[in-house]
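# Here is a sequence with its predicted model. Questions after.
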Amino acid sequence: MTGPKKVLIVPCSGIGKSYGTVSREAAYQVVEDDRPGQTRIVPLALLVMDDEETRQLLKENQAITIDGCKLACATKMVAESGGEVAKDFAVLDVFRRNRDFKPSGIAELNEGGKKLADALAKEIDAEVDNLIQKGGQDA
Amino acid sequence: MPELPQKKVGIIACSGEEIPEGLVSRLAALKVLEKQRPGDTVTICLPLFLAGGEGDRAFAKFYPTIAIDGCEKRCAYRGTEKYSNTPAASIVITDLIKENGLEAPKGLRRLNEAGQQAVDLAAAQIAEQVDKLLGKKWSRKDGQFNEPEPQEEVVATCSCGSGIPIQKLQVNGSEMTLVALPLIFEKFRAENKMPGEDVTREMMEMVKVYNFIKSSQEEELLSAVGKEYERYCEKQEDKA
């Protein structure tokens, strides 16, 4: 097995519910703040359009998906595009583990939403580290 | 009393997370959905056209739709056209910025001043398009405009993830999907219209507003809808 060059982070692209915003905010925290050199964000819209460059990225790298609702668009789209979902996160599951952080707001998250996004990002960080470490050992 | 979905305009944003223009598209769409035209607009996540069901794919046929794209790839427009129906209008943020001589927006999570200007401008254009589209008569059967008619005020709704209610029926050995049938049943039942041939024929007229029905299918479908409505009413009585 070849270790991942970068771990792709694929968040829900929903704009109708707070959980979609939480998924995006967590993805940005991982990609921009926590693990900037090791991760890259992938927009779902490109997968919907079967973008060749994005498909290639998915072939060469493992992906972590973040779903904002039970319809699990991110996980389904990565799988349908031929990508490997190394780990799928559901915002609702993270909320169940952090019930004090109740999100509201879509354009702008409330404090609970920001804390939930932070908690989710930390779980993703750990998974990124795990994948990078496994990749290093297998290389 | 339950009401069938009123006419609204669907807004679909590309939501492109990799570029600031994607954030502009998202915030402009939200500004219209939440603040400027909350009663007249609904949205759906673009990926649901693939990951969702037939009700989700009926979205752009059911609603005249405005696609808001961050870049020239036009994923929202092309995705909607490919999997649902041709959008009634389109805005591309990069074009809008160029045409209005704005500076390039910066920021993937928080926009700079130029980005905020682009959001305001895009939202104003979307709202203007919403008003134009509401002034025209949209055929949910054909997924295109008919002739102009005045628009009534409606209640705010977000359709993201919920799709259009559909129901599948077995008609002459084949499965047929009917848009809005659950709501039609609900409406007739609430009006105390009990199963019977006259009621079924009246119901079929409403079914035909939302679905394309070939004349050769009509009698068989009439029978199937009548039986299904009987079952629906029995279930409602059991619940009561």
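Arrived safely, thanks for sending.
# so what pLDDT did the residue in chain A positioned nearest to chain B get?
Closest residue of chain A to chain B, Cβ to the nearest Cβ: A:G16 (2.4 Å). Just so you know, the C-beta spots here come from the backbone N, C-alpha and C atoms, and that holds for glycine as well. At A:G16, the pLDDT value in this model is 86.
# For it, give me phi and psi.
With angles defined as degrees, to the nearest 10, A:G16 sits at phi -100, psi -10.
# I figured it hits B:T43, correct?
Yes: with contact defined as Cβ atoms under 8 Å, A:G16 reaches B:T43; the gap is 5.5 Å.
# Of the two, which one has the most company?
B:T43 (27 against 22; other Cβ atoms under 10 Å in any protein chain shown).
# list the buried ones in the one helix or strand B:V119 maps to?
Element membership for B:V119, per DSSP states H and E: helix B:113-134. Neighbour-count burial for helix B:113-134, counted by 16 or more other Cβ atoms under 10 Å in any protein chain shown, picks out B:114-115, B:117-119, B:121-123, B:125-127, B:129-130, B:133-134.
# In whichever strand or helix holds B:K82, which residues are buried?
Per DSSP H and E: B:K82 is located in helix B:75-83. For helix B:75-83, a neighbour-count test (16+ other Cβ under 10 Å) marks B:C75, B:A76, B:Y77, B:R78, B:G79, B:T80, B:E81, B:Y83 as buried.
# can you tell me which of the residues you listed are up against chain A?
Among those, the residues that sit close to chain A (Cβ under 8 Å from any Cβ of the partner chain) are B:C75, B:A76, B:R78, B:G79, B:Y83.
# Model confidence for the spatially closest residue to the fourth one that is not a sequence neighbour, exactly?
The reference is to B:G79. Distance criterion Cβ to Cβ, 6 or more residues apart in numbering or on different chains; nearest residue to B:G79, sequence neighbours excluded, is A:V48 at 4.6 Å. Per-residue confidence at A:V48 stands at 90 (pLDDT).
# Tell me who's in contact with B:E220.
B:V171, B:N172 (Cβ atoms under 8 Å, 6 or more residues apart in numbering or on different chains).
# how about it, secondary structure?
Following DSSP: H, G, I helix; E, B strand; the rest coil, we place B:E220 in the helix state.
# so A:A45 makes contact with B:C45?
No: between A:A45 and B:C45 no contact is recorded; they are 9.7 Å apart, counting by Cβ under 8 Å.
# got any residues that touch both of the two?
Joint contacts of A:A45 and B:C45 (Cβ under 8 Å, 6+ apart) are A:S13, B:S15.
# Near chain A, which residues of chain B are found?
Contact residues (Cβ under 8 Å from any Cβ) of chain B with chain A: B:13-18, B:22, B:26-27, B:29-31, B:33-34, B:43-52, B:73, B:75-76, B:78-79, B:83, B:108-109, B:158-161.
# Tell me which of the residues you listed fall in strands.
B:A13, B:T43 (DSSP state E).
# Mind checking which of the residues of chain B next to chain A are buried?
B:13-18, B:22, B:26-27, B:29-31, B:33-34, B:43-52, B:73, B:75-76, B:78-79, B:83, B:108, B:158-161.
# Those in helices, which ones?
Judged by DSSP state H, the subset of those located in helices is B:22, B:26-27, B:29-31, B:48-51, B:75-76, B:78-79, B:83.
# Low-confidence stretches in chain B?
For chain B, the stretches with pLDDT under 70 are B:1-6, B:147-163.
# how about the strands in chain A?
Assigned by DSSP E, the strands in chain A fall at A:7-11, A:39-41, A:62-67, A:84-90.
# just those strands: most buried one?
When you average the neighbours per residue for each of the strands of chain A (mean count of other Cβ atoms under 10 Å in any protein chain shown), strand A:7-11 leads with a mean of 29.
# Taking strand A:84-90 as reference, get the angle to that one.
If you take axes from the mean of the first three to the mean of the last three Cα atoms, to 10 degrees, strand A:7-11 sits at 40 degrees to strand A:84-90.
# Note down every partner strand of strand A:7-11 and its orientation.
Here strand A:7-11 is paired, per DSSP bridges, with strand A:39-41 (parallel), strand A:62-67 (parallel).
# Good, wrapping up.
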